[in-house]
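Engineer: Give me the fold of what follows.
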Amino acid sequence: MARERRKEKKKAEEIEDGDGGDKDEDAGKKRKRHTGSTKRKKKRYQKEDEDEDEDGDEDEPPKRFPIYLFIEGPRPFAAHAGHSKPTASVPTPLVIQKGPFFHHVASSFSLLKRSIASHTPCNPDLLAVPSFVWKYDKPANGTRMQLTTEVGYEALIDSVKKKRSETVVFIYMKPPAKDIVSAYII
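Structural biologist: Purely as a prediction, here's the structure:
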């Protein structure tokens, strides 16, 4: 009884697969059962197709993302008296937060520097560009990547383009240099 049911199920599966249930062709061969691998392949192809669709859509406006700017001052010096243990912990550096402001993935590195200079506010030439580093807001302990050149900027933009969810970028920098000319005008 159970054998008959299994045979009926097997015939039904062969008919669904399009084999038609010809026993002459499959007389000495055993059929392999399909695993879930075809579903995985289909999903992988669907993801690639979606990526191609995203690249091909010229109707979509360029992606924009918020940037928060953190200006990190030097660490305060804690003087130790002799060889005794310090009673207080080491003070944290002064950090000034600016932003948010929005930046488009189609924009250039020079435009990013001008935006940062306008929010700081300072002259774009006085920015401490060699100290620029960036990271995403999540995870909080994520690694900071360099943003000192066009190559670092391209890495940031490529990474933001690949993110599917809302992306928030933190940029950390040292304080800009002081403008000597403005001190004499006052």
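
Engineer: Any stretches of this structure with poor pLDDT?
Structural biologist: 16-62, 76-90, 179-186 (pLDDT under 70).

Engineer: repeat that with 80
Structural biologist: Applying pLDDT under 80 to the chain picks out residues 1-2, 10-62, 74-93, 178-186.

Engineer: ranges for the helices of it?
Structural biologist: 2-17, 37-56, 109-119, 150-162, 180-185 (DSSP state H).

Engineer: just the CA coordinates of the first one, formatted as PDB?
Structural biologist: Only the C-alpha atoms of helix 2-17 are listed here, as PDB (Å, rounded to 0.1, in the frame of the first residue of the first chain):
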ATOM      1  CA  ALA A   2       2.800   2.400   1.000                       C
ATOM      2  CA  ARG A   3       4.800   1.400  -2.100                       C
ATOM      3  CA  GLU A   4       1.900   2.200  -4.400                       C
ATOM      4  CA  ARG A   5       1.500   5.700  -2.800                       C
ATOM      5  CA  ARG A   6       5.200   6.400  -3.300                       C
ATOM      6  CA  LYS A   7       5.000   5.200  -7.000                       C
ATOM      7  CA  GLU A   8       2.000   7.500  -7.500                       C
ATOM      8  CA  LYS A   9       3.900  10.500  -5.900                       C
ATOM      9  CA  LYS A  10       6.900   9.800  -8.100                       C
ATOM     10  CA  LYS A  11       4.800   9.700 -11.200                       C
ATOM     11  CA  ALA A  12       3.100  12.900 -10.300                       C
ATOM     12  CA  GLU A  13       6.500  14.500  -9.700                       C
ATOM     13  CA  GLU A  14       7.800  13.300 -13.100                       C
ATOM     14  CA  ILE A  15       4.700  14.700 -14.800                       C
ATOM     15  CA  GLU A  16       5.200  18.100 -13.100                       C
ATOM     16  CA  ASP A  17       8.900  18.100 -14.000                       C
END
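
Engineer: Pull out the buried positions in that helix.
Structural biologist: E14 (16 or more other Cβ atoms under 10 Å). (C-beta placed from N, C-alpha, C; glycine too.)

Engineer: what does the fourth one give?
Structural biologist: Residues 152-153, 156-157, 160 are the ones in helix 150-162 that count as buried (16+ other Cβ under 10 Å).

Engineer: Determine the set of other helices and strands touching that helix.
Structural biologist: helix 109-119, strand 145-146 (3 or more Cβ pairs under 8 Å, 6 or more residues apart in numbering; DSSP states H and E).

Engineer: I'm done for today, thanks for sticking with me.
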